[in-house]
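A.B. asks: The following comprises the amino acid sequence and a computationally predicted model.
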Amino acid sequence: MSHYVAVEGVIGVGKTTLSRYLKETTGGTLILERFDENPFLSDFYADRDKYAFQTQIFFLLSRYRQQQEMRNIPRPVVTDYIFAKDHLFARLNMRGDEFDTYLGVYKALADKVSKPDLVVYLRADTSTLMDRIALRDRPYERNMDERYIEQLRAAYEDFFEDYRQTPLLVVDTNNIDIVSNLDQRQVIIEQIQDKLLEEPPGDVESFDPSVMPLEESRRQLPDFQQFHRFLDQQKGFSEDLLLNTVALQEEVGELSKAILNHWKGLQQGNPNRAIDHIRDELADIMAYLLKLANYTGIDLEAAYIEKMEINRRRTWE
């Protein structure tokens, strides 16, 4: 199956180990986070406040470069991280101007990153994580602060509790030995395979508007959002959230005028009086909705499906 699967979890939970086994099962390409290339990492664990910004910016740019390289790698692909985790760590470790500076860079890069077809979140208690960190005995982790791991574990739990960007499989690993127990490992791999069959690959980034006309895409909302990312970059359009919200309101006003004009035509026996105008204004409104979804990191297709399912079950008086 041609999928992109990302395994996630707190330090020491076993995400890289599972990723390696999953790569062997799928026969795909394994892309591991290059944490050992970060020259600030050892200093960060010794003094998080002092080295948080340097450490996080290095990780951000390194992860972004990997994600761009991955565009040219055929599926299946397995990674031991998702790009969004960078923001999670930054929120935990930085404050004030440093976080604001980081956030500006993160937002500029995040929309240009491919989304996995499935994220596998490995969950574990803090005590389990500390035991596994001690067992692998990496030099810069030997004095790992248990309070930091607990903060990180809680941040991961909060993040994935509200995670809706891609299909998600949560696996409790407290009583699972991925390394030594072949049966337990195989159970997890089968769960991943079943989830992939349940959730067909979205492949949202396979549409490249720089080389393919929009009309040749699958004509799905993810393609349209990708097109507007490309168009903003190519044309230099402003990505200011408030400015585009105002522009959307202007387009809604133009639509109202067109509908009023069409309504008057209906009264006068000219039903097609403003149809083309309505058509153009609806297209402009959709464009701004897609742009606003991009700027806020929202998968508009997923949001629409989720909200309409709520409406389907809802009863109105």
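C.D. replies: On my side now, so go ahead.

A.B. asks: Make sure Ile133 is indeed in a strand.
C.D. replies: No. Judged by DSSP: H, G, I helix; E, B strand; the rest coil, Ile133 forms no part of a strand; its state is helix.

A.B. asks: what's the helix or strand for Leu169?
C.D. replies: In this structure, Leu169 is located in strand 168-172 according to DSSP states H and E.

A.B. asks: and the nearest residue to Ile189 once chain neighbours are set aside, which of the three is it?
C.D. replies: Taking Cβ to Cβ, 6 or more residues apart in numbering, and ignoring the residues beside it in sequence, Ile189 has Thr25 as its nearest neighbour in space, at 5.4 Å. C-betas here are computed from N, CA, C, even on glycine. Taken by three-state DSSP, the conformation at Thr25 corresponds to helix.

A.B. asks: and Thr25, how many neighbours does it have?
C.D. replies: Other residues within reach of Thr25 by the criterion other Cβ atoms under 10 Å amount to 15.

A.B. asks: Just the pLDDT at it, thanks.
C.D. replies: The predicted local confidence for Thr25 comes out at a pLDDT of 88.

A.B. asks: and what of Arg95?
C.D. replies: With respect to pLDDT, Arg95 has a value of 87.

A.B. asks: for the host helix or strand of Glu251, packing partners?
C.D. replies: Taking DSSP H and E as the definition, Glu251 sits inside helix 241-267. Applying 3 or more Cβ pairs under 8 Å, 6 or more residues apart in numbering; DSSP states H and E, one finds that helix 241-267 makes contact with helix 275-295.

A.B. asks: From Lys235, how far out is the nearest residue to Ile57 once chain neighbours are set aside?
C.D. replies: For Ile57, the nearest residue in space outside its immediate sequence neighbours is Tyr102; the separation is 6.5 Å by Cβ to Cβ, 6+ apart. For Tyr102, the distance to Lys235 equals 27 Å [Cβ to Cβ, to the nearest Å].

A.B. asks: Neighbour count: these two, which is higher?
C.D. replies: A side-by-side neighbour count of Tyr102 and Lys235, using other Cβ under 10 Å, places Tyr102 first with 21 against 7.

A.B. asks: Give me the distance between the helix or strand where the residue nearest to Ile57 lies and the centre of its chain.
C.D. replies: Assessed by DSSP H and E, Tyr102 sits inside helix 96-110. Mean C-alpha position of helix 96-110 versus that of the full chain (Cα atoms, centre = their mean, to the nearest Å) differs by 16 Å.

A.B. asks: so that helix versus helix 275-295, what angle?
C.D. replies: Using axes from the mean of the first three to the mean of the last three Cα atoms, to 10 degrees, the interaxial angle of helix 96-110 with respect to helix 275-295 works out to 130 degrees.

A.B. asks: Which positions within the helix or strand that helix 96-110 is followed by qualify as buried?
C.D. replies: Next helix or strand after helix 96-110 toward the C-terminus (DSSP H and E): strand 118-123. Residues 118-123 are the ones in strand 118-123 that count as buried (16 or more other Cβ atoms under 10 Å).

A.B. asks: Thought Thr79 was touching Lys23, still the case?
C.D. replies: No. Contact status for Lys23 versus Thr79: not in contact, 9.7 Å apart, counting by Cβ atoms under 8 Å.

A.B. asks: Quickly list what Thr29 is bridged to.
C.D. replies: Each beta-bridge partner of Thr29 is listed here, defined by DSSP bridges: Val77.

A.B. asks: my read: it touches Pro74, true?
C.D. replies: Yes. With contact defined as Cβ under 8 Å, Thr29 reaches Pro74; the gap is 7.5 Å.

A.B. asks: So between the two, which is more surrounded?
C.D. replies: Set side by side, Thr29 and Pro74 show more neighbours around Thr29, with 15 against 8, by other Cβ under 10 Å.

A.B. asks: do you know how far the more buried one is from Arg71?
C.D. replies: As it turns out, when the distance is counted by Cβ to Cβ, Thr29 lies 12 Å from Arg71.

A.B. asks: Would you mind measuring the gap between the ends of stretch 70-83?
C.D. replies: For stretch 70-83, the first-to-last residue distance is 12 Å (Cα to Cα, to the nearest Å).
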